[in-house]
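S.K.: sequence plus the predicted model coming up.
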Amino acid sequence: MKVIKRDGSIEKLNIHKISDSISWACEGLNVSPSDIEVNLKLHLFDGIKTESIHQKVIKTVVDMVSARTPDYDKVAARLLMSDIYKNVYKGHEPNTLISTLKDFVNRGVYKRSLITNYSIDDLLILESEMDYENNFNFSYIGLKYLKDKYMIKSVTEDPQVMFMAIAMDMFLDMEPRALRLQYVVEMYKALSNFKVSLPTPMMKALRTTNTNYASCVALNIGDSISSWTTGFKAVVKHTVANAGIGVDISSISSIGDIVKKGQITHGGKIPLLKALDALIQTSTQNGRRGQAVAYVNFFDPEIENILALKSPRTDVAKRINDLKYAIKFNQLFYDRVLEDGYITLLSVRKYPELQEAFNSSDYENFKRIYENIEANTQEEHKTIKALDLLTMFLTERFENGVYYVFNVDEANRRTPYTEPITQSNICMEFISPTKPITESSEEFKEPNVGICILANINQANVSTAELPAITKLLVYGLNEIMHRQKQPTAGGQAFVDAYASLGIGFANHAYWVAKHGWKYGDKEALEALDEWMEYFQYGLVDASIEYAKEFNKSCKLANKTKIVSEGEVPYPIEGSRLSWDRLISKAKEFGIANAALSMIPPSETSSVISNSTSGIEPIRDIITVKGSKKDPIVQFAPEGLKLADKYDYAFSRKDMTKDFLKHVAVVQSWIDQGISANTFYNPELYEDGKVPIVTLMEDMFLAKKLGIKTLYYNNTYVKDNMTEQVSCSGGGCEV
């Protein structure tokens, strides 16, 4: 067979060889090799371009994938794996682990310590535990995503070697040797069998000399020139290091505030937000813009202007479109709405005691101070009807999706820390103490910049019986690599050393719900989730205490945690299934390795690789399109055909968000930090195609009533674009 290429040349094809490859890839599947060959011939007439014939075959098969013919996805994955084998091994059989590692080390791709810190006997033991058949468990898009996003660009890696090298690097320094090998094997198997997943920074860095593992950054900029200049430098440094950043600006003066002993009036937060936006814009990440979320109090004098910064009703020159905004609420705001009352807008520069009380768990103290200012001050303050402010916020949240909710009182009430919480990060799940960064705090290396590293458990693949081992594996693994990091700010490095905060979460919840035959909001689902969550959090806390005990590595500021200093935990342990009293006693005796342990981050990337559903969210459809329009990623829900009528869909019913929030609430009751929890609305289900504002209000009030700390994106169904998934682009906080 001959094919005319676009440059006019002729290429001969060995159609028998191609047919053999197609037949091999189709074995045991409900597909037709002959149909593939027919479609291939049609595609070949389009011209080869720069693609190889093998790539053309893969593309042909990918185009044949549909909801009714999902097995073609497996054919495409097998063909892609065959292509990987040819690139790595020049054939169809893998080389020995030793030879592959040495080759990559000698080429400067892998770090040399992978072969110097492990003996030949060690490597032979590790190789005996590898299962190359797991290479054929990927979906096509999962394998392609792994290859394109995570494999080292200068070479092609075998996924099994990649997983083993990552595990080897993670436990590289653990002693004794036998213990190290045990954990390497367990981590390899957990990665290879899709029981756990690691975040993008870790997947790219482990096995190389890079030690940039952190995913989450939280930064507080205070009300001084020193804090502004130092904070802006920190924003640039962390953005360049591929981090998305949560920036608390709530303590900065408002427009019109008197400064410099009355010499001038302050320009307010908007100029600083514009400066922050410009810094983020110039600090690109691999050619794409970085991302930041600014945190502001609901009673800020500039709140109306801030809520208009992304509005199409605002003059283009006055918008700041690329930043995202999180509004900090507490119970007083919700009560004023219910009372049909007013919000008095107050500057925290004038009333610093108000800001301190706001960022605490003592709501009654805040209320007393706030109402005392309202009643006794001689100065006239602007007021706004609480319902109008809520309507404005929810309108902007609904229209552009990225005005977030941060319930600061819930964050401080249900926290493992004894210190005040003022903010979260870019994805609304990392919640830790931060203080305004200054030149002095950087000089004295104060732990003021929140830093966290992440990992996820595949809930659908891990039972409660397995959770003790899996949670211990992740806690030990992340602790082994945490202190290798070199943070770009002294405050960030100090935070890692002092708090050693982890963010272990889980994903594939929608599949877990569907395969049990439940729907979101079902009583049985909520009860089972509560049990799974207790085992999950108990396992993390137990492992962190054991790590501190076994290696004498309690975090430096363990005394700033409630479990060590107060003998308390922020979980509903009364009448619980497990022995929390035993853990509390152990923590007081041995300390704890990590001040915080759990959160639920977005999992857009890892969910593609393992063909899991994202985080704890319901799916949009059996087929979901992620990524950009230029480079779309088509993902099938796990067992999509079998469970099509079992899955609960995000936009299928009016009460989806309410039932989803019930799951968020159960998870939040056990998670010690936060959750990237979205809301979902389908205008087509409502009269006149409009979602009533009262529905949005009900859901926001429900979230607060249920003790939920944060709400992330708002997602709205758009006809002909229903399955597009918004992701945490530009930030490193995804798993």
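M.R.: Structure's in. What do you need?
S.K.: tell me who's in contact with the nearest residue to residue 117 once chain neighbours are set aside.
M.R.: Leaving aside its chain neighbours, residue 117 sits nearest to residue 172 (5.5 Å; criterion: CB to CB, 6 or more residues apart in numbering). For glycine as for every other residue, the C-beta is placed from the backbone atoms N, C-alpha and C. The contact partners of residue 172, taken as CB atoms under 8 Å, 6 or more residues apart in numbering, are 113, 114, 117, 180, 480.
S.K.: could you find the closest non-adjacent residue to the first one?
M.R.: With sequence-adjacent residues excluded and distances taken as CB to CB, 6+ apart, residue 113 is closest to residue 172, at 6.0 Å.
S.K.: returning to that earlier point: of all the contacts of residue 172, which two lie farthest apart?
M.R.: The largest separation in the contacts of residue 172, counting by CB to CB, is between 114 and 480 at 14.5 Å.
S.K.: from the contacts of residue 172, which would you call buried?
M.R.: 114, 117, 180, 480 (16 or more other CB atoms under 10 Å).
S.K.: quick one, helices of the stretch 101-250 of the chain?
M.R.: Using DSSP state H, counting those that start in this stretch, the helices of the stretch 101-250 of the chain run over 113-116, 120-128, 140-145, 159-170, 177-192, 200-205, 225-240.
S.K.: by contact count, what packs against the longest helix belonging to the chain?
M.R.: Under DSSP state H, the helix in the chain containing the largest number of residues is helix 523-551. Taking 3 or more CB pairs under 8 Å, 6 or more residues apart in numbering; DSSP states H and E as contact, the helices and strands that helix 523-551 lies on are helix 467-482, strand 502-507, helix 580-590, helix 656-670.
S.K.: CA atoms only for stretch 601-614, dumped as CSV, please.
M.R.: Presented in CSV, the C-alpha positions along stretch 601-614 are these (Å, rounded to 0.1, in the frame of the first residue of the first chain):
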residue,chain,number,x,y,z
PRO,A,601,-8.1,19.8,46.8
PRO,A,602,-9.2,19.8,43.2
SER,A,603,-8.0,16.7,41.4
GLU,A,604,-8.5,17.5,37.8
THR,A,605,-5.1,16.2,36.7
SER,A,606,-4.8,13.0,38.7
SER,A,607,-8.4,12.1,38.0
VAL,A,608,-7.5,12.0,34.3
ILE,A,609,-4.5,9.7,34.8
SER,A,610,-6.4,7.2,37.0
ASN,A,611,-9.7,7.7,35.1
SER,A,612,-11.4,8.8,38.4
THR,A,613,-14.1,11.3,39.1
SER,A,614,-12.8,14.6,40.4
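S.K.: how about stretch 691-705: buried residues?
M.R.: Neighbour-count burial for stretch 691-705 flags 691, 695, 696, 699, 700, 703, 704 (criterion: 16+ other CB under 10 Å).
S.K.: now do the same contact list for residue 351.
M.R.: Shown in contact with residue 351 (CB under 8 Å, 6+ apart): 369, 373.
S.K.: what is the least confident helix or strand in this structure?
M.R.: Across the helices and strands of the chain, mean pLDDT, DSSP states H and E gives its lowest value to strand 2-4, namely a mean of 37.
S.K.: number of residues surrounding residue 152?
M.R.: With neighbours defined by other CB atoms under 10 Å, the count for residue 152 comes to 15.
S.K.: spit out the contact partners of it.
M.R.: Taking CB under 8 Å, 6+ apart as the definition of contact, the neighbours of residue 152 are 109, 208.
S.K.: ok, 10 Å please
M.R.: Taking CB atoms under 10 Å, 6 or more residues apart in numbering as the definition of contact, the neighbours of residue 152 are 104, 107, 109, 110, 162, 204, 207, 208.
S.K.: cool, residue 440 as well?
M.R.: Applying CB under 10 Å, 6+ apart, one finds that residue 440 lies in contact with 226, 227, 230, 446.
S.K.: repeat that with 6 Å
M.R.: With contact taken as CB atoms under 6 Å, 6 or more residues apart in numbering, residue 440 is in contact with no other residue.
S.K.: swap in residue 169?
M.R.: With contacts defined as CB under 6 Å, 6+ apart, residue 169 is in contact with 206, 207.
S.K.: cool, and residue 386?
M.R.: Per CB under 6 Å, 6+ apart, neighbours of residue 386: 336, 337, 341, 343.
S.K.: those residues, buried ones only, as a PyMOL selection?
M.R.: Once 16+ other CB under 10 Å is used to decide burial, the buried members of the contacts of residue 386 can be selected in PyMOL as follows:
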select buried, resi 336+337+343
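S.K.: restricted to strands, list the contacts of residue 386.
M.R.: The members of the contacts of residue 386 that map onto strands under DSSP state E are residue 343.
S.K.: ok now the strand ranked longest in the chain, how far from the chain's centre?
M.R.: Longest strand in the chain by number of residues, with DSSP E as the criterion: strand 450-458. A distance of 8 Å separates the C-alpha centroid of strand 450-458 from that of its chain, computed with CA atoms, centre = their mean, to the nearest Å.
S.K.: likewise stretch 661-678?
M.R.: In terms of CA atoms, centre = their mean, the centre of stretch 661-678 is found 14 Å from the chain centre.
S.K.: now that stretch: average pLDDT?
M.R.: Stretch 661-678 carries an average pLDDT of 98.
S.K.: repeat for stretch 351-368
M.R.: Looking at stretch 351-368 alone, the average pLDDT works out to 95.
S.K.: next, the buried residues of that stretch.
M.R.: Of the residues in stretch 351-368, those scored as buried under the neighbour-count criterion (16+ other CB under 10 Å) are 351, 354, 355, 356, 357, 358, 359, 360, 361, 363, 366.
S.K.: which residues are contacting the strand or helix carrying the second one?
M.R.: Read it as residue 354. When elements are assigned from DSSP states H and E, residue 354 belongs to helix 352-358. Counting by CB under 6 Å, 6+ apart, the neighbours of helix 352-358 from elsewhere in the structure are 251, 348, 365, 366, 369.
S.K.: any chance of these in a markdown table, plus distance to residue 597 and secondary structure?
M.R.: Formatted as a markdown table, these follow (distance: CB to CB, whole Å; DSSP: H, G, I helix; E, B strand; the rest coil):
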| residue | distance to residue 597 | secondary structure |
| --- | --- | --- |
| 251 | 28 | coil |
| 348 | 32 | coil |
| 365 | 29 | helix |
| 366 | 28 | helix |
| 369 | 33 | helix |
